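>>> Sequence and predicted structure below; questions after.
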Amino acid sequence: MTDGKRIMLPGNRHQRVLATLLLAPNSAVPVARLVAAIWDENPPTTAVKQVQNCISTLRDKLGAERDVIVTDGRCYRIVLSEEELDASRFQRDMRAAYQLASDGSLAAAVTAVRRALRLWRGPALEGLGALALSGLIAQLDEQRIRAVERCAYWQLELGEYEEVIDQLTDLIALYPFRERPHAQLMTALYQVGRQADALTVYHDLRARLIDELGVDPGSELQELHARILAEIPHSAAPPAMPVSAPGLDADTSSARSSRALLHLRAAITRQWTAEVELRSLNHPEPISLTWSNTCRQVSPPDASVFSDPSGDGQRPTFSGDLSDVVTKFRELPARQLVVLGAPASGKSVLAILFTLGLLSDPQPGEPVPLLLSMASWNPDRQHLHQWLATQLLEAHPALANEDRYGRDAATRLVLDGSVLPVLDGLDETPPALHAAAIDALDYAVGHGRPLVVTCRAEEYEYAVKQTGALLSRAAVIEIDPVEPEAAIAFLASRTAGRNRRWEAVGEHLRSQPNSALAQALRIPLMVDLARTAYTSPDTVPADLCDSARFGDPETIEDHLLDTCIPSAYTPRPLPPALDPSKRSRTYTAAQAERWLTFLARALHRQNTQDLAWWRLDQAVPRHTVSLYLSALPGLLFMITGWVAAGPIMGLIYGATYTSAGFITHRYGRPADPVHMAFDFHQSAGQFLLRLSIGVAVGVAFGLVFILPIRLAIVLAVVLGVTIGLQVWLNVLVNVERVSTPAVVLRDDRMATWAYTLSFLVSLGLLCGIAFTYTPGNASGEALIGHFDPMPAIAACVSSALLGYFFLKSIGGVAYGIAGFAVGGQVLSAADGPPVVTVAILFGLATCLAGCVARAWGIYTLTRLWLALRRQLPLHLMRFLEDAHRRGILRQAGAIYQFRHPRLQERLVTRNDGNGNTTNNTHD
């Protein structure tokens, strides 16, 4: 703070609280963030109370003449003007310097940077030692270093070589591994004729890098060294480089970054221009949407958002339309914007047109807009910048070319602030992570980095109200419903010169602004579908005004929604600019409509909007699911029994285990998705408990079958480890916090394979032992001489344990009975197959039974069943991902939903071709 007085704080705890507030000036800081700043780990139970005491002390120290620290809900906020905080003044002066440089006034820019640097008195918050703040502190230091480097760059362009040598020497002393100032110092020394000193700078850096990091300097420094060594004549000035340090060579880090930016700008322009063409947004113009300040209580204080808020207590007017959103965005001091809207209100369209607007009229020093769907981001696992770099490289793999763009070009562009994230669909991240995502975004852009985020209004409002998390410097706007004149203009925009087909609709909307048609056409989707439905000259748009036929908005919406899927799946040749790997797959409108209708009706029967792949079996009658889930393992058990002792035993094995499987799946609860989580610290006790159970079962088998001691030990250890491992192979997934359905499916598939293979080894061994040692070792015979009760009991216990792992209590009972019935059968191994064959077959049968008891196994067999019946595609997930890209489905973490709930309703209730309502009852 720069009010001229020095404040003595009583301890490090108070300093950390004050630092946390100052790092987010005029922003609401949750108490949880203050707790994390004070205690790096394991905060005490009185943490909240101690934070309150710190706040009280700080208020006394800062003076009572005004409320510097105010309570904001469950958060605290420090209220400061730009002049009172060095960091804000520094950023203001740096913005001014960049503007002066872009205007060609380099000398004035250098003066502005020097004025900004005088605000620094050393490393940011030196000695504070707060791990939770280390990232933000590092960002502040990085800003200072970049300012020094930028100042040196402009001075080199002005020919002030002598002047920069001392400051660059000091910077290198503080940051001995930073290559950019080394390149600048080498350039300055070379330009004043000190070639030997320039080479010494290089060799000193190289020695440090090799000794301490085991790497050589980057290629640009090596090339600069080679050119100086060759005594190339002095250049009049260093090459113009907009970002990085200058050198004697046009292919330095800065030049490569410039090439990467040029490539990225061109590629993104082609990508979204092609997308606009595919969506027919400019035929000839998109729907004219307006927007304004949201009235919801989700915005930060106006002083944090607007540079000159009105002094009358009223919120500054901030509104516009699609044509000026770029201009209004650039007027925001922090250039941060949140776009809210109802479903189908045009948020994604605004994001696309905003991106193209920035690209078509770039400003000096303005980052390249990068439009991404937020669906795959998990803020608990990835920092925003890491995720952005990954997505950038996936979308534009050419950036991996190190020779042309340098090492880690994508990461460098993100960290340098060369890309402007335009993040579409915060509501498509896992619902439980909405607040965490908002908080993570605020951390990542808290120092003035530009950002645009779109989200459904209700989801954003709920997240803010529940936790207090918000983007502390972002303007929050909400898209307005479509105005009648905008709808009229759009509907008539593709009719021939004097064609008056839409005139009746226009007159109706003007004269009856509250009619059913006017209410239906307040949604951009419906306006677009109306124009699509009545494009043909054979259609009569005036029919929409018929109140007898269309008496309410819902009827009109249903009528228009009938064209939604055919429109989305209209076959069109794809433009060459579109990445082939991102293109939609080829599905006909008839196929898509049939499959989506099946899914909509299945969700309707389940009374949900959530399309979860692990609940696909609920779309099939329960007895049918139970039959195909039990029949395949039963068939393999039958083969096992047949190979072991003939067809009669095969029938006994097959019928017994098929019945057990059928009962288990018919009356048990379907499995939820799981994943592998090897958390030894938290689950060591559970592992040891299950290990002991497995060992006990193995010992019991050894006693029953009178096994040699070594074999009994092996069996006990194998069973113990197998059952113990289930602690880590059977961890339920919190689907509320997972980023995509594909991630849940992949994790459950991997866990299922590990789970079933572990049982293959252990139960194959167990079966082999039973098959080998039962003949001649039976302790007693009953039931016509072919049933031994002792191994039957042992098999009952092991099978019950296995069934419990499969599907809890019902599985334990059903498989326990099956194990008793099968385990007591006295088999004769004389002239029979090799023991290993029977063991492998039994192990495989058990594996299959376990696999189809898991979410992935159930899903796999169910989609095969539905594909055979032509109710769904074989590759269902591919189809769902494609429907998501086409805008039919939305993603909400691990599940899909119909993007427009009214479309789901329409698919459920629509009549069949004979005018009869389709039966939605379950077979």
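The structure has been received and is ready for your questions. Numbering: from 1, shown residues only.

>>> Show me what the helix or strand where residue 271 lies is packed up against.
Assessed by DSSP states H and E, residue 271 sits inside helix 253-279. Counting contacts by 3 or more CB pairs under 8 Å, 6 or more residues apart in numbering; DSSP states H and E, helix 253-279 packs against helix 179-191, helix 347-360, strand 368-373, helix 402-405, helix 409-415. In this view, the C-beta of every residue, glycine as well, is placed from N, C-alpha and C.

>>> Between the ones you listed, which has the poorest mean confidence score?
Averaged per stretch, pLDDT over the helices and strands packed on helix 253-279 is lowest on helix 402-405, reaching a mean of 78.

>>> Buried residues of that one, list them for me.
residue 405 (16 or more other CB atoms under 10 Å).

>>> what sits up against that helix?
Contacts to helix 402-405, defined as CB atoms under 8 Å, 6 or more residues apart in numbering, come from residues 256, 257, 259, 260, 263, 398, 399, 409.

>>> Of these, which is the nearest to residue 812?
For the contacts of helix 402-405, the residue nearest residue 812 by CB to CB is residue 399; the value is 54.5 Å.

>>> check contacts around the closest one.
Going by CB under 8 Å, 6+ apart, residue 399 touches 260, 263, 264, 392, 393, 405, 409, 410, 413.

>>> How about residue 880?
611, 741, 889, 896.

>>> How is it classified with respect to secondary structure?
Going by DSSP: H, G, I helix; E, B strand; the rest coil, the secondary structure assigned to residue 880 is helix.

>>> What separation is there between it and residue 908?
Residue 880 sits 18 Å away from residue 908, taking CB to CB, to the nearest Å as the criterion.

>>> residues near the residue nearest to residue 408 when sequence neighbours are not counted, how many?
In space, and not counting its chain neighbours, residue 408 is closest to residue 389: 8.0 Å by CB to CB, 6 or more residues apart in numbering. Other residues lying near residue 389 total 22 when counted by other CB atoms under 10 Å.

>>> you'd agree residue 389 is up against residue 411?
Yes. If you go by CB atoms under 8 Å, residue 389 and residue 411 touch, sitting 4.3 Å apart.

>>> residue ranges for the helices of the stretch 551-700 of the chain, please.
Using DSSP state H, counting those that start in this stretch, the helices found in the stretch 551-700 of the chain span residues 553-561, 564-568, 589-605, 622-645, 647-667, 680-704.

>>> Specify the stretch among those helices that is closest to residue 49.
So among the helices of the stretch 551-700 of the chain, helix 680-704 is nearest, using CB to CB, at 28.5 Å.

>>> any idea of the mean pLDDT for that closest one?
Across helix 680-704, the average pLDDT comes to 70.

>>> Repeat that for stretch 816-825.
Mean pLDDT, computed over stretch 816-825, is 75.

>>> now swap in stretch 163-174 and tell me
86.

>>> cool, stretch 887-899 as well?
pLDDT averaged over stretch 887-899 gives 85.

>>> Excluding chain neighbours, what is closest to residue 471?
Leaving aside its sequence neighbours, residue 471 sits nearest to residue 442 (CB to CB, 6+ apart; 5.2 Å).

>>> scratch that, residue 347
Residue 347 sits nearest to residue 454 (CB to CB, 6+ apart), 4.1 Å away.

>>> And residue 77, which helix or strand is it part of?
Secondary structure (DSSP H and E) places residue 77 in strand 75-78.

>>> Kindly confirm my reading that the residue nearest to residue 471 is in a helix.
Yes. Counting by three-state DSSP, residue 442 is found in a helix.

>>> Alright, calling it a day.
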